[in-house]
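Chemist: Pasting a predicted model and its sequence here:
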Amino acid sequence: MTPPYPLEGVVSWNMNTTCNYRCSYCTQRFVDDRKQWARDLPRFVEAFVGLPGDWEVKLSGGEPFRHPGFLDAVRGLIDGGVRVSVVTNMSASDEQLSAYADAVNPRPGVFSASLHLEYADPEVFFSKLERFSMRYRGRSCATLVATRENMDRVGELRSRFPALKVQPEKQDRQVIDYSPAERAQIQSWGGHNGTGQIDPDFSGLSCWAGARYFIVDHRGNAFRCYPARRLRQESLGNLLDGTLALGLRATPCAYTYCNCTVPQQRGMVERRT
């Protein structure tokens, strides 16, 4: 059955490739140049604000706080009536994080903090997240990639921080070949971002991606979803040059592996019965 029409659409905006981390499991390592960012922020903001209906813009990168115009873009989106969410490695200063909270508190989305054990101390990370959450009016969460090397630490960290969500490791853009025991362990932790699955297959099922959810990169290129962007297919045009063409209805998913958390968590994709 086709999921109901999402009253609020969501855009994942990968606004830069710049990042201060170089994690061994990062999917962005496939990007040729890690020093790119969206240049004409006023045009991006104007285009997002002009989308038909109500929208949430989910900012990511790279590390979005590394974009030199990050807070200006955030304030512009909020002033335009757009809900703002962010995915961050939490390396920004308390001052930057407080400025973000103050900017988005009129219409906050989800603040998703990614813990990267190759670079961040968990105690420092969660202490900073707690300070931020006391100031932030929206919902915050923390995520961690379950690599084979840190599986034991994931269990220990989740015992201390039960709200910590787990993500599977990907290599060559696919979930790694976990053993049955490792897959069972990740499932016991809630699967990918608490969706209950590790590498879900929605092929043939109705999904609102391409209509009420889509991806935009730092150049304005738009794709139906993350698998579409990964394979460079199902382009929706460009947000900035007037060629963006969103669908009008839910359409079948074409991918046997979906790593789009938003449609799964927002009820935008049909489930197998």
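Modeler: Structure's in. What do you need?

Chemist: which residues does the residue nearest the centre of the chain contact?
Modeler: Centroid-nearest residue in the chain: residue 87, 5.7 Å away (criterion: C-alpha atoms, centre = their mean). By C-beta atoms under 8 Å, 6 or more residues apart in numbering, residue 87 lies in contact with 58-61, 64, 112, 114. (Glycine included, C-beta is placed from N, CA and C.)

Chemist: Secondary structure of it: a strand, I assume?
Modeler: Yes. Assessed by DSSP: H, G, I helix; E, B strand; the rest coil, residue 87 belongs to a strand.

Chemist: mind pulling up the phi and psi values for the nearest residue to residue 259 once chain neighbours are set aside?
Modeler: Leaving aside its sequence neighbours, residue 259 sits nearest to residue 226 (C-beta to C-beta, 6 or more residues apart in numbering; 5.4 Å). The phi/psi pair for residue 226 (degrees, to the nearest 10) reads phi -60, psi -40.

Chemist: can you give me the helices for the stretch 151-273 of the chain?
Modeler: Here the stretch 151-273 of the chain has its helices, by DSSP state H, counting those that start in this stretch, at 151-160, 180-188, 226-231, 261-265.

Chemist: Using JSON lines, lay out those together with distance to residue 237 and mean pLDDT.
Modeler: Converted to JSON lines, the helices of the stretch 151-273 of the chain look like this (distance: least, C-beta to C-beta, whole Å; pLDDT from 0 to 100):
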{"stretch": "helix 151-160", "distance to residue 237": "40", "mean pLDDT": "91"}
{"stretch": "helix 180-188", "distance to residue 237": "37", "mean pLDDT": "96"}
{"stretch": "helix 226-231", "distance to residue 237": "13", "mean pLDDT": "92"}
{"stretch": "helix 261-265", "distance to residue 237": "20", "mean pLDDT": "93"}
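
Chemist: Could you export those to JSON lines, including columns for mean neighbour count?
Modeler: Converted to JSON lines, those look like this (neighbours: other C-beta atoms under 10 Å):
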{"stretch": "helix 151-160", "mean neighbour count": "14"}
{"stretch": "helix 180-188", "mean neighbour count": "14"}
{"stretch": "helix 226-231", "mean neighbour count": "20"}
{"stretch": "helix 261-265", "mean neighbour count": "21"}
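
Chemist: Quick one: closest of the ones you listed to residue 76.
Modeler: Residue 76 lies closest, by C-beta to C-beta, to one member of the helices of the stretch 151-273 of the chain: helix 261-265, at 21.8 Å.

Chemist: send the alpha carbons of stretch 171-186 over as PDB?
Modeler: This file holds the C-alpha atoms of stretch 171-186, laid out as PDB (Å, rounded to 0.1, in the frame of the first residue of the first chain):
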ATOM      1  CA  GLN A 171      33.000  -0.300   1.900                       C
ATOM      2  CA  ASP A 172      32.800   0.300  -1.800                       C
ATOM      3  CA  ARG A 173      29.400   1.900  -1.100                       C
ATOM      4  CA  GLN A 174      27.900  -1.400   0.200                       C
ATOM      5  CA  VAL A 175      27.500  -2.800   3.700                       C
ATOM      6  CA  ILE A 176      30.500  -5.000   4.600                       C
ATOM      7  CA  ASP A 177      30.200  -8.800   4.700                       C
ATOM      8  CA  TYR A 178      29.400  -9.100   8.400                       C
ATOM      9  CA  SER A 179      29.300 -12.600   9.900                       C
ATOM     10  CA  PRO A 180      25.900 -13.900  10.900                       C
ATOM     11  CA  ALA A 181      26.800 -13.300  14.600                       C
ATOM     12  CA  GLU A 182      27.800  -9.700  13.800                       C
ATOM     13  CA  ARG A 183      24.600  -9.100  11.900                       C
ATOM     14  CA  ALA A 184      22.600 -10.500  14.800                       C
ATOM     15  CA  GLN A 185      24.400  -8.200  17.200                       C
ATOM     16  CA  ILE A 186      23.700  -5.100  15.000                       C
END
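
Chemist: which outside residues touch that stretch?
Modeler: Outside stretch 171-186, the residues touching it (C-beta under 8 Å, 6+ apart) are 25, 27, 30, 146, 148, 151, 155, 166, 168-170, 198-199, 230, 257.
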